[in-house]
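Q: Prediction below, plus the sequence it came from.
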Amino acid sequence: MFYREAGQFKASYAQDQQIFPIRQDRIAMGALLAVAFVIVPLTANQYWFAAILTPFFDTPLRTAAERHPNLVDYVARMMRVYYPAHVWPQPQAAAA
């Protein structure tokens, strides 16, 4: 255990019902959000964005989206424009 709630008294019911009532929790969440939304976007390169941060998932939503040829074409066009070096497996568009 790195820290304890002992000594962190609350003056009101609202303060006691906070999502993160312990100060160290708020600091840790703030640091985590800063890394996730500031540090990673500023330092990640094309490989990180294409392969690591947005991994390939075979989900029902993806399967449903692949049934629409206009969405498949849009994704292919965006991948060619923004990630020309990344090999992206293009699904077969459904016959209209």
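A: Received it, and whenever you're ready, just let me know what you need.

Q: list the contacts for E5?
A: By Cβ atoms under 8 Å, 6 or more residues apart in numbering, the contact set of E5 is P21, I22. For glycine as for every other residue, the C-beta is placed from the backbone atoms N, C-alpha and C.

Q: how would you label it: helix, strand or coil?
A: Following DSSP: H, G, I helix; E, B strand; the rest coil, we place E5 in the coil state.

Q: can you pull the pLDDT of it?
A: pLDDT recorded at E5 is 71.

Q: ok, which stretches of the chain are helices?
A: 13-16, 23-34, 40-43, 46-47, 60-65, 69-82 (DSSP state H).

Q: how's the chain carved up into domains?
A: Following automatic domain parsing, one gets these domains for the chain: 10-43, 56-96.

Q: Looking at these, which is nearest to F49?
A: Checking these against F49 by Cβ to Cβ gives domain 56-96 as the closest, at 7.9 Å.

Q: and that closest one, average pLDDT?
A: 78.

Q: swap in stretch 15-28?
A: With pLDDT averaged residue by residue, stretch 15-28 scores 86.
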